[in-house]
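Visitor: here is the input, now give the coordinates:
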Amino acid sequence: MTGGSLGLRTGSYGSLQLQQIQNGFPPILQTTPPPLARKPSKVLLASREKERVLPFVCRFLGRKKVIMLLLVVLALLVFVSNSFNVNKGMEDKHDIKITSTQNTMKGKDANRALLTPPPHLHTESFTVVHGNSPPLAHQCENFAFPPPPPPSGRKRSGPRPCPVCYLPVEQAIASMPSSSSESPVLHNLTYVYDENPTRTEPHGGSEFGGFPTLRQRNDSYDIKEFMTVHCGFVKGNKPGDQSGFDVDEADLVELETSHEIIVASAVFGNYDIIQQPTNISEFSRKNVPFYMFIDEETEAYMKNSSVLGNSRKVGLWRVIVVRNVPYTDARRNGKIPKLLLHRLFPNVRYSIWIDGKLQLVVDPYQVLERFLWRQNANFAISKHYRRYDVFEEAEANRAAGKYDNSSINEQVDFYIKEGLQPYSEAKLPITSGRSFHMFLKVV
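Guide: Numbering: from 1, shown residues only. Take a look at the predicted model:
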């Protein structure tokens, strides 16, 4: 080892004297006085007394009996020690607080299927729900998020640190709620179907969405017992079937299959390279399907590059090709599965969406436990690493040329007329006002 004396002692007299000679200093000479006679210590005297007593005991009782006596004493000590630990553990169990609270929604699709969204788990430090027994000691109990990064004029490159405390996969799976309960408010939810939608107001809307009026949009935020709302797919037999966002017959069957959890993503306009998830447990590989929506342009490229074959599988992703897309802009088409997974997958309890340019590096059960089940939440959205304001996001979109500037300006002007203000701490607990790349929800 060089560069220091780590792990070596250099304080002895001999080493110090040698060092002084090497550095050009004369050695320090000392005279050593004659050693003084010490009195025998009490400990030494006591040990000598024991040495005299032990042979006497051995001669009187015999060595075998002495050994048996020592073993009996040792066994008694072990028994007393274990009894003390058991009693202490029983006292500690009385300090554990166990709660169980569930809340969920229940709705119905118009003249079609009854949708029963899944339950939500309320967790404090420890929770038990219908026989599920999460770990008593929650290792993430004292974990806290770091503050948001300070504003900076420089563009940040490379991976963004995101400290998150996840439970082990086995514990996360055990934390999944096992049953559902009805919403105390919403009991019947239907969606608008209109084969010939017409525009009645100049503000936005589309044929795919049915041109809802501003009043209809505002009313959709007022949760009632019976509700009918615009939620895309206003035309056709059902989502994906002659609805302006169509998939093959085999894929329609796949969309209607019941699943506890799904992971979904999309690549439209051949814009991104499909990222394979990592750190996925064997349990999730067998029980959690991964769906990747692509358009015909992306399909053609993947086939020409031999990435996509007849199996419709690319790694973990099950590819679903969308035809007859409603918009000419690939980004707008990608928003349909991103925001309307509950329409495409009516029989799924939990969904995880991740943008096509991102890579999932944590098991789905761990993600859901951390952001939904542990927090008693039914919706979670990832925050942007830098921008928190809609107006800043609009300016970034103009600079990147993602959309036509006139359409961005028109949308921002509409937000301003509706009363939208720049983001500030006054809007807490809402922590961001911009779009998102990943979110989780109960569908």
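
Visitor: can we go C-alpha only for contacts and neighbour counts from here?
Guide: Noted.

Visitor: what sits closest to residue 241 if chain neighbours are left out?
Guide: residue 247 (6.8 Å; CA to CA, 6 or more residues apart in numbering).

Visitor: go on, residue 278?
Guide: For residue 278, ignoring the flanking residues on the chain, the nearest one in space by CA to CA, 6+ apart is residue 361 at 4.8 Å.

Visitor: in three-state terms, label the one you found for me.
Guide: At residue 361 the chain is in coil, as set by DSSP: H, G, I helix; E, B strand; the rest coil.

Visitor: contact partners for it?
Guide: 277-280 (CA atoms under 8 Å, 6 or more residues apart in numbering).

Visitor: just the buried ones out of those residues, please.
Guide: Applying 16 or more other CA atoms under 10 Å to the contacts of residue 361, the neighbour count classes 277, 280 as buried.

Visitor: would you turn the contacts of residue 361 into CSV with secondary structure?
Guide: Shown next, in CSV, are these (three-state DSSP):
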residue, secondary structure
277, coil
278, coil
279, coil
280, coil
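
Visitor: reformat the contacts of residue 361 into JSON lines and put distance to residue 202 and pLDDT next to each item.
Guide: Putting the contacts of residue 361 into JSON lines (distance: CA to CA, whole Å; pLDDT from 0 to 100) gives the following:
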{"residue": "277", "distance to residue 202": "43", "pLDDT": "97"}
{"residue": "278", "distance to residue 202": "46", "pLDDT": "96"}
{"residue": "279", "distance to residue 202": "48", "pLDDT": "97"}
{"residue": "280", "distance to residue 202": "47", "pLDDT": "98"}
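
Visitor: wait, isn't residue 358 in contact with residue 275?
Guide: Yes - Residue 358 lies in contact with residue 275 (CA atoms under 8 Å); the separation is 6.7 Å.

Visitor: and residue 418, its phi and psi?
Guide: In terms of degrees, to the nearest 10, the main-chain angles of residue 418 are phi -80, psi 0.

Visitor: the chain should start at 154 in everything you say after this.
Guide: Done: numbering now begins at 154, and the last item shifts to residue 571.

Visitor: that one and residue 354: what is the separation?
Guide: Counting by CA to CA, to the nearest Å, the gap between residue 571 and residue 354 amounts to 15 Å.

Visitor: likewise for residue 527?
Guide: Plainly put, residue 527 is 43 Å away from residue 354 if you go by CA to CA.

Visitor: neighbour count winner among the two?
Guide: A count of neighbours by other CA atoms under 10 Å puts residue 527 above the other of residue 527 and residue 354, at 20 against 11.

Visitor: how near is that one to residue 564?
Guide: Taking CA to CA, one finds residue 527 at 36 Å from residue 564.

Visitor: that older thread, do I have it right that the residue nearest to residue 394 meets residue 393?
Guide: Yes - contact criterion CA under 8 Å: residue 400 and residue 393 qualify, at 5.3 Å.

Visitor: return the closest of the contacts of residue 514 with respect to residue 557.
Guide: Relative to residue 557, the closest of the contacts of residue 514 is residue 430; by CA to CA it sits at 33.2 Å.

Visitor: pretty sure the closest one contacts residue 517?
Guide: No - in this structure residue 430 lies outside contact range of residue 517 using CA under 8 Å: 10.0 Å.

Visitor: secondary structure class for the closest residue to residue 366 other than its chain neighbours?
Guide: Leaving aside its chain neighbours, residue 366 sits nearest to residue 354 (6.5 Å; criterion: CA to CA, 6+ apart). Assigned with three-state DSSP, residue 354 falls in the coil class.

Visitor: if I look at residue 354, what pLDDT would I see?
Guide: Predicted confidence (pLDDT) for residue 354: 88.

Visitor: my read: it touches residue 369, true?
Guide: No - judged on CA under 8 Å, residue 354 makes no contact with residue 369 at a distance of 11.6 Å.

Visitor: could you list the residues in contact with the strand ranked longest in the chain?
Guide: As assigned by DSSP state E, the longest strand anywhere in the chain is strand 412-420. Residues outside strand 412-420 that contact it (CA under 8 Å, 6+ apart): 426-427, 440-448, 451, 487, 490-491, 500-509, 517.

Visitor: give me every residue that touches the nearest residue to residue 373 once chain neighbours are set aside.
Guide: The shortest distance from residue 373 to any non-neighbouring residue, by CA to CA, 6+ apart, is to residue 382 (6.1 Å). Going by CA under 8 Å, 6+ apart, residue 382 touches 342-345, 369, 373.

Visitor: buried ones only from those residues, please, as a ChimeraX command.
Guide: In ChimeraX syntax, the buried subset of these is picked out as below (16+ other CA under 10 Å):
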select :342,343,344,345
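
Visitor: and the contacts of residue 382, which two are the farthest apart?
Guide: The span of these, defined through CA to CA, is set by 342 and 369 at 14.7 Å.

Visitor: which secondary element of this structure has the worst mean pLDDT?
Guide: Lowest on mean pLDDT, DSSP states H and E among the helices and strands of the chain sits strand 267-268, with a mean of 31.
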